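Asker: Next input, structure requested:
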Amino acid sequence: MLNCEPDDSAVITTTLGCQLAELPLTYLGIPLTLRRPTRAQMMPLVNKTAAKLPTWKSRLMDRSGRLVLVKSVLAAIPLHQILVLQPPKCILKLLEKIQRGFLWDGRAEANGGHCHVNWRAVCRPLSLGGLGVQDMERAGLALRMRWLCQIAPELYACIPKRHRKATSIRDGLTDHSWARDIHGVLGLQELGQYLMLWTEVEATVLTDQPDQLVWRWNANGVYTAKSCYRSTFQGSRACPAWKLLWKTWALPRVKFFHWLANKDRCWTAERLRRRGLQHHPRCLLCDQEPESMHHLTLACPFSRQVWYDTLSWLRLPCRPPDNELTLHEWWITARQHTPKPMRKGLATATLLVPWLIWKHRNSCVFDGEQPSTQRVNDRIKAEAALWARAGALGLRAVLPVDWDVH
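Answerer: You can find the predicted model right below:
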């Protein structure tokens with residue numbers, strides 16, 4: 001009970017048979033206080049999230065498996081609280097630190113070379129080149145936007161409480177009297193929200209029709225947290241290869257590899273050279289040119305021979321890669337020269353071949369194995385058969401008819 005006299009409180013507690021408690025307190029797992037929650041009040045949330053890690057055998061999982069746990073568990077635990085509270089930024093950073101460390105290194109903290117990609121890029125949607133991990137700050141904003149005062153929360157806090165409900169929309173729009181209700185010193189955030197609100201109010205015209213809330217970021221005009229979250233990325237550049245990476249049938253670890261390769265974050269000789277680390281002067285597969293991800297997957301004579309052999313026994317009529325800048329660019333061209341029933345199989349093969357070329361390259365670097373196109377082709381055939389049995393229906397359509405993959 002807030003702002004109650006002691007006598008009134010005694011009557012209510014006697015009637016209801018309940019106890020009195022003082023703020024701050026925790027109710028349904030949410031810390032309640034008269035002010036914004038402090039770091040100390042939100043630390044149980046961080047501890048609860050970190051306590052999940054020791055129970056998982058992270059060293060037995062690859063990064064694609066850890067990504068699933070980050071999305072479904074570590075990113076979901078704080079949602080209950082950020083729905084109603086705006087945690088301090090230090091708390092959000094601690095939560096993201098736990099997620100980042102578990103994804104890249106399987107523990108609560110990972111720094112430096114363990115983190116292959118900036119966390120802000122990881123938290124972008126799949127279509128924008130990220131991994132689809134929720135950005136805690138953006139997600140909290142989207143969830144709390146359902147409350148009308150969140151249209152300009154910092155500016156709303158500068159309006160005295162006695163004016164918030166006493167002034168009607170018509171009175172506020174008259175001669176811009178709503179602006180005179182703002183008190184206190186305005187910072188950069190408040191000024192930005194003030195200018196945004198002024199622009200919106202200028203275009204407002206009152207009519208005799210009933211009021212209606214229209215959410216411009218959804219086709220039906222209804223607010224959803226999903227559409228609000230996506231709107232925070234408005235103006236971001238889309239990733240042209242995202243459908244090939246994430247809509248094609250392939251193992252999750254293969255998709256994760258291609259996502260890293262698309263961002264040039266695999267440890268090729270070229271990347272080792274840029275970091276000043278020890279590296280081979282030439283590609284170990286062809287011994288002709290410096291090794292880069294583009295060279296390994298598209299330009300290397302060894303890889304092009306593997307591509308040619310694979311496309312031949314898969315009965316795909318498209319030509320192998322030749323001077324394309326990216327794997328996605330070659331796939332778009334090859335898709336145009338492939339019959340429609342075989343296109344899904346082509347997409348799966350586009351992810352499968354570079355993956356096994358990369359694994360063969362690693363065997364040559366770390367295990368001393370000799371480059372062999374025949375060995376790579378045999379591994380591609382064996383893996384393709386396993387993928388077809390596991391559910392790659394598009395791949396079944398292009399495999400030789402005498403293969404038993406059902």
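Asker: Only C-alpha atoms from now on, for both contacts and neighbour counts.
Answerer: OK.
Asker: just the helices in the stretch 151-300 of the chain please.
Answerer: Along the stretch 151-300 of the chain, counting by DSSP state H, counting those that start in this stretch, helices occupy 153-156, 161-164, 169-173, 188-202, 225-231, 242-246, 252-262, 269-274, 293-294.
Asker: what comes up buried for stretch 58-76?
Answerer: By neighbour count on 16 or more other CA atoms under 10 Å, the buried set for stretch 58-76 is 58, 62-64, 66-67, 69-70, 74-75.
Asker: For V11, find the nearest of the helices of the stretch 151-300 of the chain.
Answerer: With CA to CA as the criterion, V11 lies closest to helix 161-164 of the helices of the stretch 151-300 of the chain, at 28.6 Å.
Asker: mean confidence score for that closest one?
Answerer: Helix 161-164 shows an average pLDDT of 76 in the prediction.
Asker: which residues sit against it?
Answerer: Residues outside helix 161-164 that contact it (CA atoms under 8 Å, 6 or more residues apart in numbering) are D181.
Asker: What of stretch 109-125?
Answerer: Contacts for stretch 109-125 (CA under 8 Å, 6+ apart): 97-98, 100-102, 104-105, 129-135, 265.
Asker: about what we covered before: out of the buried residues of stretch 58-76, which comes closest to T33?
Answerer: Closest to T33, out of all of the buried residues of stretch 58-76 and judged by CA to CA, is A75, at 24.3 Å.
Asker: excluding its backbone neighbours, what's nearest that closest one?
Answerer: Q134 (6.5 Å; CA to CA, 6 or more residues apart in numbering).
Asker: If you count neighbours, what's buried in stretch 229-236?
Answerer: 229, 231.
Asker: ends of it, how far apart?
Answerer: 13 Å (CA to CA, to the nearest Å).
Asker: That one - what's its average pLDDT?
Answerer: Here the average pLDDT along stretch 229-236 is 90.
Asker: Inside strands: which ones of the contacts of stretch 109-125?
Answerer: Of the contacts of stretch 109-125, none are assigned to strands by DSSP state E.
Asker: Could you break this structure into its assigned domains?
Answerer: 6-143, 161-222, 242-396 (automatic domain parsing).
Asker: for these, which one sits closest to D404?
Answerer: It is, among those and with distance given as CA to CA, domain 242-396, at 8.3 Å.
Asker: ok, back up a step: distance to W331 added to the helices of the stretch 151-300 of the chain, as TSV?
Answerer: Shown next, in TSV, are those (distance: least, CA to CA, whole Å):
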stretch	distance to W331
helix 153-156	47
helix 161-164	58
helix 169-173	56
helix 188-202	44
helix 225-231	28
helix 242-246	8
helix 252-262	14
helix 269-274	24
helix 293-294	14
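Asker: all strands in the chain, in order from the N-terminus.
Answerer: 25-27, 30-32.
Asker: can you list the residues that contact the last one?
Answerer: With CA under 8 Å, 6+ apart as the test, strand 30-32 has contacts from 23-26, 37, 41-42, 80-81.
Asker: and these, which two are the farthest apart?
Answerer: Going by CA to CA, the pair spanning the contacts of strand 30-32 furthest: L23 and H80, at 19.9 Å.
Asker: what about the two, which has more around it?
Answerer: Taking other CA atoms under 10 Å, L23 and H80 do not tie; H80 has more neighbours (14 against 10).
Asker: ok, that one to S363 distance?
Answerer: 46 Å.
Asker: How about Q234?
Answerer: When Q234 is compared with S363 (using CA to CA), they lie 43 Å apart.
Asker: Now Q278: closest residue in space that isn't a chain neighbour?
Answerer: L272 is the one closest to Q278 (CA to CA, 6+ apart), at 6.6 Å.
Asker: ok, back up a step: among the domains of the chain, which gets the worst mean confidence?
Answerer: Looking at the domains of the chain, the bottom one is domain 161-222 with a mean of 79.
Asker: where's it relative to the chain centroid, distance-wise?
Answerer: Relative to the centre of its chain, domain 161-222 is centred 33 Å away, using CA atoms, centre = their mean, to the nearest Å.
Asker: coming back round to it: export the contacts of strand 30-32 as a markdown table, with columns for distance to W215.
Answerer: Shown next, in a markdown table, are the contacts of strand 30-32 (distance: CA to CA, whole Å):
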| residue | distance to W215 |
| --- | --- |
| L23 | 36 |
| P24 | 35 |
| L25 | 35 |
| T26 | 34 |
| P37 | 30 |
| Q41 | 34 |
| M42 | 32 |
| H80 | 24 |
| Q81 | 24 |
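Asker: what's the closest of these to Y223?
Answerer: H80 (19.2 Å).
Asker: Now do the contacts for the closest one.
Answerer: I30.
Asker: Also the one 3 residues further on?
Answerer: If a contact means CA under 8 Å, 6+ apart, then L83 has 140, 143-144 as its contacts.
Asker: out of those residues, who has the most neighbours?
Answerer: G140 (23 neighbours).
Asker: Please give me every residue in contact with that one.
Answerer: 79, 82-83, 86.
Asker: Pick the most buried one from the strands of the chain.
Answerer: strand 30-32 (a mean of 17; mean count of other CA atoms under 10 Å).
Asker: so what strands line up beside it?
Answerer: Using DSSP bridges, the strands paired with strand 30-32 in its sheet are strand 25-27 (antiparallel).
Asker: The residue nearest the centre of the chain and V68, how far apart?
Answerer: Central residue of the chain (CA atoms, centre = their mean): G132, 2.2 Å from the mean position. For G132, the distance to V68 equals 10 Å [CA to CA].
Asker: what does Q193 give?
Answerer: In terms of CA to CA, Q193 sits 37 Å off from V68.
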